[in-house]
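# My questions are about this predicted structure, shown below with the sequence.
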Amino acid sequence: MRGISASDYEQRLQREIEAKVEEMERPGYVFPRRFSRGDALLWAVVAAGSLALVLLGAWL
Amino acid sequence: MRGRTPEEVERRIGQEAAFGVVPVLSGGRVYGFLDALLVLSGYCIATWSYTQGAYLATLVGFRQLLIGAFFGAILMLCIYQLPVILSVRYGIDIWIWLRAVFGPAGVGIMAVVIILINYPWYAVCADLFASSMSNLAALFGVVIPQGLHVLLGIACVLLGTFIAWRGIGAITWTTRILVPVLLAVGVLVVMIGFRAVPPAAIWDYRPAGQAGIVPYLLSIEANFAFVVTLVGGMAGVPRLVRTERAGLWAGVLGQGLAGSFFVVVGAVMAIAMQHVTGQMAEDPTLMLATLAAPALALCSLLLVAFANIGTQAVGAYLYGVMLKSTFQTARYRVVILILAAYVCALCVWGRVIDYFGSFLTIGACIYAPLAALLFADFFLVRRQRIDLRAACGLPGHTAYRYSRGFNWVGLSCVAAGVAMSQAVYNPVTGAIRCMPLFYLTPTGFSFLGTGLLYWGLSRVPPIRRYLLQDRGGLTV
């Protein structure tokens, strides 16, 4: 990197970002496994359970 | 790092800050759930967890403290960590997404504000270091005058800054040692605490002079505030995680279990000290010096001293890189010197520990609206879709430029969220201004209010058009 000017560096960075975004835009790109309906249910149970315990704590 | 010139350090830091904005593709993810959990746990545990535990013990009994520390924290984490699934999906950190919420220039302002309100944590660390050194000296019969306390605190800041000055190599080694050291201290504190007093003395503990619902609400507020103020530092990890599920739960459990465990350790220590000496202490070294055998106390004190310097170093580095990525022309070493000067000024002031609860709530005044905006923007306004090219600042993609780089709707909502929090509670004087809303806690009310305000504003057609200029550029 020594000897590379700031603007060269910025251009290289933008090329790098663009290449990654283009890769994600390709139809065959596999995104990380999505948050499923089951995950959402687990999330809701944990959040609701924690809220219930916090409310219960007021009476301890 | 030996022989590395300032230019080389600057180049490597610049590279790290700059390449932190490059999206990480699915194949480049390095963390599974367990790895991410360990990294985030390491970030969440620090000696200030003991200060938080001791502070909670002044408000509520041990059982209420356990519920608040674990379930209060997990509740807030479940909500504010949910948008990290976007970070995982697109391989970008939350600061990139925030460009959609505040505009690129607005994100710069928010970064500075966040550092101003977050950095007093490192003055807490420096204060603990000064106490540990005083206790270490006391083991050898040397009494350190109070005036030297400030100088010791400043020494901790300077030593931490020196490590951060050397760059990423020194920081990597520091973190490799720091996390096991902190874990060792935590285990020692629990063992000593439970051996020094009967378990019932801790389990049945109730603070004197605290009754009614207000202390409990204050403790829940402190737990909300404690977890919400770490969002900035945790933002960079989820983009490296392989699945959305792992990204979310690593954040929730890293802080909600590991971080909260250390808060409870601090409370156990404080309660044990009160039982034995009649005086509550937030400083683990004081407890170790008082309750442990001299040889064990000496080793533990050295561990605590190193942990404080290490935490200082990691903080200077993380926030230095964060500022460098926001203000790319700034020099890393100048940035960390400015950060060090800020903490030194707080050490000289010397009142951060006295105002610990206030400082937590002031921090949460900003963080709660920020977390609310992320949540509302992600789920309700943009509905989980973003113009990635505009967010990454690629030429010709200006959907998030808004008004010369500022999204005034987002920034106004943060200001409104701060006002909401202040309308409920004055964190400096401790005065409750509106009891019915205080039941939601200042952080909870500000979070709900800001989220609803932002969502409501997004339903107004001209504002909706202003916010959703990106709909034509949704390519992923």
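Right, received. Where do you want to start?

# Would you mind listing what in chain A touches chain B?
By CB under 8 Å from any CB of the partner chain, the residues of chain A that approach chain B are A:1-2, A:9, A:13-14, A:16-18, A:20-21, A:23-25, A:29-36, A:39, A:43, A:46-47, A:49-51, A:53-54, A:56-58, A:60. Quick note: C-beta positions are derived from backbone N, CA and C, even for glycine.

# Local confidence estimate at the nearest residue to residue B:243 once chain neighbours are set aside?
Using CB to CB, 6 or more residues apart in numbering or on different chains and skipping residues adjacent in sequence, the residue nearest residue B:243 is residue A:33, 4.3 Å away. Looking at residue A:33, its pLDDT is 93.

# list the contacts for the residue positioned nearest the centre of chain A?
Nearest to the mean C-alpha position of chain A, by CA atoms, centre = their mean, lies residue A:32 at 9.4 Å. With contact set as CB atoms under 8 Å, 6 or more residues apart in numbering or on different chains, residue A:32 has these partners: B:26, B:29, B:88, B:89, B:241, B:242, B:243, B:244.

# For residue B:311, see how far away residue B:237 is.
In this structure, residue B:237 and residue B:311 are 17 Å apart, going by CB to CB, to the nearest Å.

# out of those two, which sits in the busier spot?
Taking neighbours as other CB atoms under 10 Å in any protein chain shown, residue B:237 and residue B:311 compare with residue B:311 leading, 27 against 22.

# returning to that earlier point: go through the contacts of residue A:32 and flag which are in helices.
B:88, B:89, B:244 (DSSP state H).

# what about residue B:352, which helix or strand?
Using DSSP states H and E, residue B:352 maps to neither a helix nor a strand.

# returning to what we had before: closest to residue B:50 out of the contacts of residue A:32?
Proximity to residue B:50 was ranked across the contacts of residue A:32 by CB to CB; first place goes to residue B:241, at 29.2 Å.

# Could you tell me how many residues sit around the closest one?
31.

# Correct me if wrong: it contacts residue B:249.
No: assessed by CB atoms under 8 Å, residue B:241 is found out of contact with residue B:249, at 9.9 Å.

# which residues do the two both contact?
residue B:33.

# Please determine how far residue B:303 is located from chain A.
33 Å (CB to the nearest CB, to the nearest Å).

# Pull out the buried positions in the helix or strand harbouring that residue.
Taking DSSP H and E as the criterion, residue B:303 maps to helix B:294-326. Buried positions in helix B:294-326, judged by neighbour count with 16 or more other CB atoms under 10 Å in any protein chain shown: B:297-298, B:300-301, B:303-326.

# Over to stretch A:24-36?
For stretch A:24-36, a neighbour-count test (16+ other CB under 10 Å) marks A:24, A:32, A:35 as buried.

# List the residues that contact residue B:283.
Contact analysis of residue B:283 by CB under 8 Å, 6+ apart lists B:50, B:128, B:131, B:132, B:135.

# Mind checking what secondary structure residue B:384 has?
Following DSSP: H, G, I helix; E, B strand; the rest coil, residue B:384 is assigned to coil.

# In contact with the closest residue to it other than its chain neighbours, which residues are there?
Nearest residue to residue B:384, sequence neighbours excluded (CB to CB, 6+ apart): residue B:378, at 6.2 Å. By CB under 8 Å, 6+ apart, the contact set of residue B:378 is B:82, B:83, B:86, B:97, B:384.

# Tell me how far the residue lying closest to residue B:170 once chain neighbours are set aside lies from chain A.
When the adjacent residues along the chain are set aside, residue B:170 lies closest to residue B:163, with 5.0 Å between them (CB to CB, 6+ apart). In this structure, residue B:163 and chain A are 24 Å apart, going by CB to the nearest CB.

# Tell me where chain A is predicted with low confidence.
For chain A, the stretches flagged by pLDDT under 70 are A:1-7, A:9.

# Sketch out the strands for it, chain order is fine.
Using DSSP state E, chain A contains no strands.

# shouldn't residue B:264 be in contact with residue B:69?
Yes: between residue B:264 and residue B:69 there is a contact under CB under 8 Å: 5.3 Å.

# where does residue B:31 fall, phi/psi-wise?
In terms of degrees, to the nearest 10, the main-chain angles of residue B:31 are phi -110, psi 130.

# got the contact list for it?
Counting by CB under 8 Å, 6+ apart, residue B:31 touches B:39, B:237, B:240, B:241, B:242, B:246, B:250.

# and the two most separated of these?
B:39 and B:242 (13.4 Å).

# And the residue positioned nearest the centre of chain B, what's its pLDDT?
The C-alpha lying nearest the average C-alpha coordinate of chain B belongs to residue B:230 (CA atoms, centre = their mean; 2.5 Å). At residue B:230, the model reports a pLDDT of 74.
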